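Visitor: Fold the following, please.
(chains A, B and C)
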Amino acid sequence: MPSSLEDRLALQELSARYARAVDRRDYEAFVALFASDGVLCGPGYEMKAHGEIDKGIRLIAQYESTQHCVHNQLVDVRGDAASGETYCVARHIYTRDGEKRKLDMGVRYQDQYRREDGAWRFVRRELVLDWTQDLPLVG
Amino acid sequence: MPSSLEDRLALQELSARYARAVDRRDYEAFVALFASDGVLCGPGYEMKAHGEIDKGIRLIAQYESTQHCVHNQLVDVRGDAASGETYCVARHIYTRDGEKRKLDMGVRYQDQYRREDGAWRFVRRELVLDWTQDLPLVG
Amino acid sequence: MPSSLEDRLALQELSARYARAVDRRDYEAFVALFASDGVLCGPGYEMKAHGEIDKGIRLIAQYESTQHCVHNQLVDVRGDAASGETYCVARHIYTRDGEKRKLDMGVRYQDQYRREDGAWRFVRRELVLDWTQDLPLVG
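Guide: This is a model prediction of the structure:
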């Protein structure tokens, strides 16, 4: 097990900070989790560097609230670089035709990290979407 | 990163023990996770100290079973005190009009912890409820 | 807290590797997570040793995709042996009568582990099934 405990816990916390920033709509904190040349991409979109990430993540505000629950994480650390996979179920609350609904997304983030000035940041986070489920809150 | 690895893992485990105690209906173990003057509160309720917590948590028995899945946790440790936020999706199985149903609650616990005699305990756990979803088990 | 941080993180990762291997249909990696005399069992089935585990886990291919999200884990480590409980929500995507559906299983794995040649492996993983929910992906 070559990577240190400290690094592995720090990378767990990086994904928790990602979730907290997006769920709180704290865009400034969100962008700061990425390297200045970082990339956030997924099916049909790619945001490059802080300007595009800041603009893109604000689309989350179309939902009334979100909760990004982070699960399994496996990382491979090599000095100041690391890569890994992080499971997430992202929940999105919204209203359609007067009905409250929840859109769930089953995600496996494909991550690349870099340590800069002692802090781990995302160099690239690619969202692989395994499934979605969209149901009313009460049925 | 000022807080020790040991403390951060111990606080993860404290939330896992909370989940296990409530899901097993082990009220004695549940209450022991709180400081003697600890508080457990949420929308519309506040339980103070072991007596009220013991009485209040027993209401969980109205459900046939529960599963409290704990996710993202971010903590700030300062000596023998700490605070943090812990994500949870709490699942509650019950029967209504002969139909088995599951009530899911999306929770962000706002936690305050204290180390006493070497063990971390809850001083205050406030349940912030972000969403609920109540659907049949089969549909 | 007798068990080392290293062991506790390694056992977290073992469950994450279990999830990744089954979700990727990497049967070779899956089987290698078990001791050669390991057992994987649940309601109505018991697979003993690598041959039976390899044969049994391939039944997962009946689903179009799966996502095993691992949560709370509490372990007790005694030298090169350990036991523990691991929460999981296992999601199974499939099609019935032309309708895409998701079968969720609320699981508490009852685990026994052994360290062999420096790596933790499952000696026994028993799946306790607390609830299932089977709903369409869109409703």
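Visitor: Please identify the helix or strand for the spatially most central residue of chain A.
Guide: In chain A, the centroid-proximal residue (C-alpha atoms, centre = their mean) is residue A:18; its distance is 5.2 Å. The secondary structure element spanning residue A:18 is helix A:5-23 (assigned by DSSP states H and E).
Visitor: Just confirm yes or no for that helix near chain B.
Guide: Yes: applying C-beta under 8 Å from any C-beta of the partner chain, one finds helix A:5-23 touching chain B at A:5, A:6, A:9, A:10, A:13, A:15, A:16, A:17, A:19, A:20. C-beta coordinates here come from the backbone N, C-alpha and C atoms, glycine included.
Visitor: pLDDT score for the last one?
Guide: At residue A:20, the pLDDT value in this model is 98.
Visitor: CA atoms only for stretch A:32-52 - export them in CSV, please.
Guide: Extracted C-alpha coordinates of stretch A:32-52, given in CSV (Å, rounded to 0.1, in the frame of the first residue of the first chain):
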residue,chain,number,x,y,z
ALA,A,32,-11.0,26.5,-5.6
LEU,A,33,-11.1,22.7,-5.4
PHE,A,34,-9.8,22.6,-9.0
ALA,A,35,-6.3,23.3,-10.3
SER,A,36,-6.3,26.5,-12.3
ASP,A,37,-6.1,24.5,-15.5
GLY,A,38,-8.5,21.8,-14.1
VAL,A,39,-11.3,20.2,-16.2
LEU,A,40,-14.8,19.1,-15.1
CYS,A,41,-16.5,17.0,-17.8
GLY,A,42,-19.3,14.5,-18.3
PRO,A,43,-21.7,13.3,-21.0
GLY,A,44,-21.9,16.2,-23.5
TYR,A,45,-20.0,18.8,-21.7
GLU,A,46,-16.5,19.9,-20.8
MET,A,47,-15.6,22.9,-18.6
LYS,A,48,-12.0,24.0,-18.8
ALA,A,49,-10.2,26.1,-16.1
HIS,A,50,-11.8,28.2,-13.4
GLY,A,51,-13.8,30.5,-15.6
GLU,A,52,-15.8,27.8,-17.4
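Visitor: Buried residues, it. List them.
Guide: By neighbour count on 16 or more other C-beta atoms under 10 Å in any protein chain shown, the buried set for stretch A:32-52 is A:33, A:34, A:35, A:38, A:39, A:40, A:42, A:47, A:50, A:52.
Visitor: Roughly how far does the fourth one sit from chain B?
Guide: What that stands for is residue A:38. Residue A:38 sits 20 Å away from chain B, going by C-beta to the nearest C-beta, to the nearest Å.
Visitor: hang on, isn't that residue packed against residue A:120?
Guide: No: if you go by C-beta atoms under 8 Å, residue A:38 and residue A:120 don't touch, sitting 11.7 Å apart.
Visitor: Just the buried residues of stretch A:32-52: which are in strands?
Guide: Those of those mapping onto strands are A:34, A:35, A:38, A:39, A:40, A:42, A:47, per DSSP state E.
Visitor: Switch the residues you listed over to TSV, and while doing so, append distance to chain C and pLDDT to every line.
Guide: Below are those laid out as TSV (distance: C-beta to the nearest C-beta, whole Å; pLDDT from 0 to 100):
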residue	distance to chain C	pLDDT
A:34	24	98
A:35	25	98
A:38	24	98
A:39	23	98
A:40	21	98
A:42	16	97
A:47	25	98
